[in-house]
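Provided below for reference: sequence and predicted model.
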Amino acid sequence: MGILLLVPILAPLAAAALAAVLGWRRLSAWVTILAALSVLITAAVLGFGIESGVRFGVGDLLRVDSLGVTMLLVIGTVGTLATWASIGYIDAELAHRHTDQRGAHLYGVLLPVFLAAMALAVLANNIGVMWAAIEATTVATAFLVGHRRTRGALEASWKYVVICSVGIALAFLGTVLLYFASLHAGASSGQALDLDVLLSRAARLDPDVTRLAAGLLLLGYGAKVGLVPFHTWVADAQSQAPAPVSALMSGVLEAVAFCTLLRVKSVVDLSLGTGFLRTGLLTVGLLTLLVAASMLVVQKDFKRMLAYSSMENMGLIAIAASAGTRLAIAAILLHVLAHGIGKSLVFLAAGQLQAAHDSTAIRDVTGVLTRSRLIGASFAVGLAVLVGLPPFAMFASELSISRALAGAHLAWALGAALPLMVIAFAALVRHGTRMLLGPPDASSPAIAVPRSIAAALLTAVILSVALGMTAGPLTDLFHTAATQLGASH
Amino acid sequence: MTTALHNSPTVPALGEGARAAPPAGALAWLSGGLTAALGAVGVALGLSVIFGEPRQLRIGWLLPLVGVRLDLDPLGGLFLVATGAVSIAVGIYAVGYAQRERWARFPLAILPLFVAGMLLVPAAGSITTFLVSWELMAAVSLFLVLSEHRREAVRSAGVFYAIMTQLGFASILLALVVLSAAAGGDAFSTISAHVHDLSSGTKTTVFLLTLMGFGSKAGLLPLHAWLPRAHTEAPSPVSALMSAAMVNMGIYGIIRIDLQLLGPGPNWWGLTLMIIGALSAVFGVLQASVATDLKRLLAYSTTENMGLITLSLGAAILLRSSGAPTVAAIALTAALLHLLSHAAFKTLAFLAAGSVLAATGLRDLDKLGGLARRMPVTTVMFGIAALGASGLPLGAGFVSEWLMLQSLIHSPADGNTTLALAMPLSVGAVALTTGLGIAAMVKAFGVGFLARPRSAAAEAAQEAPASMLTGMTLAAAACAVFAVAPALLGPTLRQVLAVLPTVGGHAAGPQLGTFLRLPGVGGSLSPGLLAAALIIAVLLTLGLSRWGARHRPAAAMAPLWASGADTLSSRMQYTATSFAEPLQRVFDNVLRPDIDVEVTHFAESQYLVEKVTFRSRLADPVEQRLYTPVIRAVNAVAEWVRGAHTGSVHLYLAYGATGLLIVLLVTR
Amino acid sequence: MTEATYTGALDLAAGAFLLTAVLIVWRRELSAIVRLLAWQGAALAVLPIIEGIYQREPAPIVVGVVVLLLRAVVLPILLARAVGTEDQERRESTPLVNTTASLLITAGLTVLAYAVTQPIIALDRSPTTRALPAVFAVILIAVFVMVSRRRALSQAVGFLMLDNSITATAFLITAGVPLIVELGASLDVLFAVFVLGLLTSHMRVAFGGTDLDQLRELRD
């Protein structure tokens, strides 16, 4: 079993090595898809074998529990969809001369490295290694964001690297302080940052130092999640990046960073009580919702619109995490999975619209449903998933989050969050109908859909519908993960 | 390596301007048939629950994290019957309508889904199932409203509807999760068991939020503005379903949560319902009486009727808590009966309007007319519906409005100031509503269907196909039942009242037989005998005049006197605008019309008028006074936030630095 | 090494660390601040080396030497090469905050650092932690430098300063983090600087300069 834990990290790295040697070829692209699929399969195998236990691998270096399995599922699913779509995407980019062979080569190498870094962040046992992996994702995605080498892409990469790195540096400071507190609670220096050790010594951690550390960690990892105040990179980076990368960043990376926050939260809650991080998460979450909803209202660019929609969902997840009950955590995990799939759907469709119009302005795009049934339907389904309409899973997760908040005496926070979500809904519906419905402009270009992207879109639609009907065995997984995180009932 | 771009052979892109090929009649038959079948299932299920045992169903694995729980009792059963009956008529009608209007595949496919959603809402047995089915119903109705999305008016109506429906849903969601958390359970049965644990603050919050949310769905003020837009722009069968069945769900929510679950409420709950109901009724009928768009008129009429129903519900609560359970039972019966009869005549009205729209392509009353000769069956159908809507004897709404007035008039005379003030005012409101309603319906029927056609399209109108006529006939039959023999519904209503002990007390409701008797109050009415008497009187008069005609000379043909002009033209008739003009003038302060009169003179002489243009726009004043400032405020905040994101990386880092400082200071 | 020497050397190194930071705030030429960054890296490396000498353990000394190589030699050379290719003025253009105000803010941040680090010092009263406030102040000063400098390379210097100061904090209070974490952190910093350098050169090509005020096209 221990070796199995290495697969999600080593398989993508192997694919990256192959891509580094071969350049952008069909073979290397397919090996990357297989690597992402292997992450998914590992998650499934681990999920069935794990029940409510925790498995270790490579000595004590790697650790997987139900939360880890869930996150691997998300990485695997969205990763497979994104790498699959990348084939058609990069081929189209090369054909239209938006990039050259060097750019495609770099893309082919960096994408699996990105996946490997995320897998490591989710599987690491040591909080410091988790931190290093998350910083590695910033470095790996820097040139993915700047893939097109346009002025906008460069600007976005700079802002992304600088703002995220400052945030992550603060998270490192927080990690150092936590290490300090752990050493003084009696842990040995080699293991003081191990999750289990921290959990067992949490009651003995010095409260003042832990409070400072928790604040810094919330701020720092919140930067990667896209929470205020380090949220300003989200729209720029996710709108300039290629569509499959945007899907991964907004659907998976933010969730992986939040997973790290959840792990830290379980330690901090044992040490300080739930009050501190509850206030912190509520403040940050509500502010993020406010910013996201406002920016959605005034939006003129559809990829930025999707990025702000991710920010909205992350704000909601932060608010849900502040409730901390078992239902809340289970709902967060369902939300993350459904959001990842929905976001890939909508970003991949948006990528095709961008390719057709060579612009991401909302007013340039009209009548998509009439012009292309596939792209129109995918975009519509994706938007329906994102705004939380039934029968898709995000409705069930938002419903459960609401119940969890009311049950945790946080109904006032729900009352503050709901109008903001209605505003965001209104903005998304307005922009969506402007793009999808009505007669198309006479000069609208044809929308081509490469085969691999069409396949990825259809798969994502089927997955969204299926997840909306029932979560099946995933329900137990989510509940176990919630219990393992120490959630109260 | 080839970098070929594949236009995937399995995904053809549609050319611009090409609509989907008209679906085979088969799809329309399938869709309409399925809708009608679902309706029949609903009616059967509803009746079986009302007269039999309550039913339950639980599916744990469906819907992640939430599960589905269905729980049918007579109250839910009544709404199932109402929805089901409407769906049967609409389903049969939709077969012909969809073929006439060349509906695309997607709306046809989701029409049965809409009915399914509406049938699930009264059947829901837990908060989560209720919310899921509610939102499902709303989502599918939104897609149906957007069927003809090529028109700008439809798109903007759809967006407006989506936003307001989501707002309503948000307030219902908040109310129900608060209720569920405070009562410690998700199922309705658990909540009703623990209702005494709730603090009065919780109950008040839940009441106000549900009133806002359910009231919006029912089309009550002030969150009603989506109704005239959405019901007007939706295809007519969908409008019928929405106006006659979906708005009932708002009332269902109010009855289920505020009347049944939350127990007997304090006085002010009843008073609030009465005020909102009265305002909605008067406002709705006022807007209807000055509306010139046929479907907009009918939509505002829905607001009016829902207002009346809410007024009755409020009166029931008030009367119960003032110690007059018998009269409260009458008020409750009136509300439920009016709900059912409204479903019948509104369905008929919208189906007839749809028939007119399909035949002429027009909704504007100012351009219709003369349809009586060209579309006789439709005219008769609309006549029956208009009679029902106006609340006159022989109309479907007569008995329920009579019951309403009886309950308001016969409130206990002693003591209570609130009652003494509220009841007469309500009677006044109901009377005003009825009067204005008659004016609105006379306008709609007279201007729209009688006299001469005012446009070429109206002249070329042809009668609707058989399936549409069948659907309308079914609805008309239902109207006739309500008009003449409401006794048939007596046992049903009695069963439903029994499940609402908190409102009706255990007092016996009114007895609906050939004679309606109101126990303890001393009023009675016999609609059947009244109908019979009227018909006999009419037949007698007709017979007498025919017999008298035998002694008169033969008729001579002569040209009509037209004040010196050559012939009568259709421009010399009343239009809907001119018919309503006196009312508009009287209620000018409320309606605030936007009137523009432009006089163009000849170039040669200022004394000679070449052209006069009159433009009158009646926007919804609630929308202007209430929604616009809110929208403006939201936009202002959004602009402020946008201004804070200038694109400067230094500013962005400064935000982060500020956050860092705050964290450092706070964690000391 | 006696304890007095040890404490003195630590304080001296921490003081030098802070001094280089203040000088970076004061100076505007890119080449000057890169040189100051190298000195700062040296001051940073001194901390674990002194610790190793005092405790007579080889591990911190090795770590110190690696840090010296990385942060005092390799990274400044990378940055200097990037500075060398700047064909615009080597000077910083008018900064967003003038020098006087910057120095005043720096002083304020140092005071704040003293206040904030009290609970940490309270937990572990040893000579190493007493030197903490000076180093912690550099964290805040580094963030300030990143906020107030117009040129891309200045921001990169600020980022390195931030990382230096956090590493210094780690050395002072916990004698460094576990080796694997230090390895990961160093690799990340290396790659980050690499990325920033590459981005700067791309920026020079695309924007014709590295003034960050030009990066305002992406906004709503």
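That came through, no problem.

From now on I want contacts and neighbour counts done on CA atoms only, so please keep to that.
Will do.

By residue count, which helix of chain A is the longest?
helix A:151-184 (DSSP state H).

Which helix or strand lies directly C-terminal to that helix?
Sequence order places helix A:195-201 as the next helix or strand after helix A:151-184, per DSSP states H and E.

Which residue ranges of chain C form helices?
C:3-26, C:30-55, C:58-67, C:75-84, C:99-116, C:118-123, C:127-130, C:132-148, C:152-174, C:179-207.

Switch these over to TSV; also include distance to chain A.
Below are the helices of chain C laid out as TSV (distance: least, CA to the nearest CA, whole Å):
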stretch	distance to chain A
helix C:3-26	17
helix C:30-55	16
helix C:58-67	13
helix C:75-84	16
helix C:99-116	9
helix C:118-123	6
helix C:127-130	11
helix C:132-148	8
helix C:152-174	6
helix C:179-207	5
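
thinking again about what came up before, report whether the longest helix of chain A contacts chain C.
Yes - against chain C, helix A:151-184 shows contacts by CA under 8 Å from any CA of the partner chain at A:151-152, A:154-158, A:161-162, A:165-166, A:169, A:172-173, A:176-177, A:179-180, A:183-184.

among the residues you listed, which ones are buried?
A:151-152, A:154-158, A:161-162, A:165-166, A:169, A:172-173, A:176-177, A:179-180, A:183-184 (16 or more other CA atoms under 10 Å in any protein chain shown).

hmm, who's touching the lowest-mean-pLDDT helix or strand in chain C?
Sorted by mean pLDDT, DSSP states H and E, the helices and strands of chain C end with helix C:127-130, the least confident at a mean of 82. The contact list for helix C:127-130, computed with CA atoms under 8 Å, 6 or more residues apart in numbering or on different chains, reads C:7, C:10, C:120-121, C:172-173.

Out of the residues you listed, which comes closest to residue B:102?
Distance to residue B:102, by CA to CA, is smallest for residue C:120 among the contacts of helix C:127-130, at 75.6 Å.

what distance separates the helix or strand of chain A with the lowest mean pLDDT from the centre of its chain?
Least confident helix or strand of chain A, by mean pLDDT, DSSP H and E, is strand A:55-57 with a mean of 77. Mean C-alpha position of strand A:55-57 versus that of the full chain (CA atoms, centre = their mean, to the nearest Å) differs by 24 Å.

Next secondary structure after that strand?
Using DSSP H and E, the helix or strand that follows strand A:55-57 in sequence is strand A:62-64.

Quick check: buried residues in that following strand?
The neighbour-count criterion (16+ other CA under 10 Å) identifies A:62-64 as the buried residues of strand A:62-64.

These: which ones sit near chain C?
Counting by CA under 8 Å from any CA, nothing from the buried residues of strand A:62-64 sits close to chain C.

Pick out whichever of these sits closest to chain B.
Closest approach between the buried residues of strand A:62-64 and chain B, by CA to the nearest CA: residue A:64, at 23.2 Å.

Can you report how many residues lie near the nearest residue to the closest one once chain neighbours are set aside?
Closest residue to residue A:64 apart from its sequence neighbours, by CA to CA, 6 or more residues apart in numbering or on different chains: residue A:55 at 5.3 Å. Other residues near residue A:55 come to 17 when the count uses other CA atoms under 10 Å in any protein chain shown.
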